[in-house]
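# model this:
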Amino acid sequence: MAKAHKLKVEFFCFVTTSYIDWLCVYRNLQRSKSEWENYYNIKIAYLIAYETINTYYKFKGEIYKTVKKDYEEFFHTFFDMLNRELADFKDEFDYDKIMPKIRNKSVAHYDRNFLEYYSNFSLIEEYSHKDIIRSFLYFLNPLHYFTYALMNDEIDQFLYINSWLS
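Below you'll find the model as predicted:
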């Protein structure tokens, strides 16, 4: 398998896994029966969003280089749209301030200071869980369509537009 195609497949697998994880968290939030379950599942959602965004940035530059010349302009426009969705998500949920705190103090690591750990609960409570899920899907859903098309060297512009509308 050529290096560029291997990279596209890896990118597709990463996005697909993130998408499935996100849907599972959404399902679990819908089924939560206690505040603690809600808190636990939304912490996982924050972690998935945080890690997805970081990994997306790691892939982005390399992936763009694999685009065929004929499709460069379209994919450039598409990346710009994706980046705007991501910027909106980060702005709406105060990503740079809140996400690392939640990740580092209560999801990926436990803080020795339980008050510090528990204080992150109030950060999470500020936002509607449905809004966080929906907003991140505005980024993740089109990205998933994009990675599939990129892996197959196809462009279906209608599919891209539809991915933003669904």
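# excluding covalently adjacent residues, which one is nearest to Ser135?
Phe89 (5.0 Å; Cβ to Cβ, 6 or more residues apart in numbering). Bear in mind the C-beta positions are built from the backbone N, C-alpha and C, glycine included.
# ok now do the one you found, which residues does it touch?
Ala49, Tyr95, Ser135, Phe136, Tyr138, Phe139 (Cβ atoms under 8 Å, 6 or more residues apart in numbering).
# which stretch of helix or strand covers the fourth one?
Taking DSSP states H and E as the definition, one finds Phe136 inside helix 129-151.
# can you pull out the residues in contact with stretch 139-154?
With Cβ under 8 Å, 6+ apart as the criterion, stretch 139-154 contacts 5, 8-9, 11-12, 15-16, 18-19, 22, 52, 56, 63, 66-68, 75, 78, 81-82, 85-86, 89, 155-156, 159-160, 163-164, 166.
# which parts of that stretch are buried?
Across stretch 139-154, burial judged by 16 or more other Cβ atoms under 10 Å covers 139-151.
# check stretch 76-90 too.
Buried-residue list, stretch 76-90, by 16+ other Cβ under 10 Å: Phe78, Phe79, Leu82, Glu85, Leu86, Phe89, Lys90.
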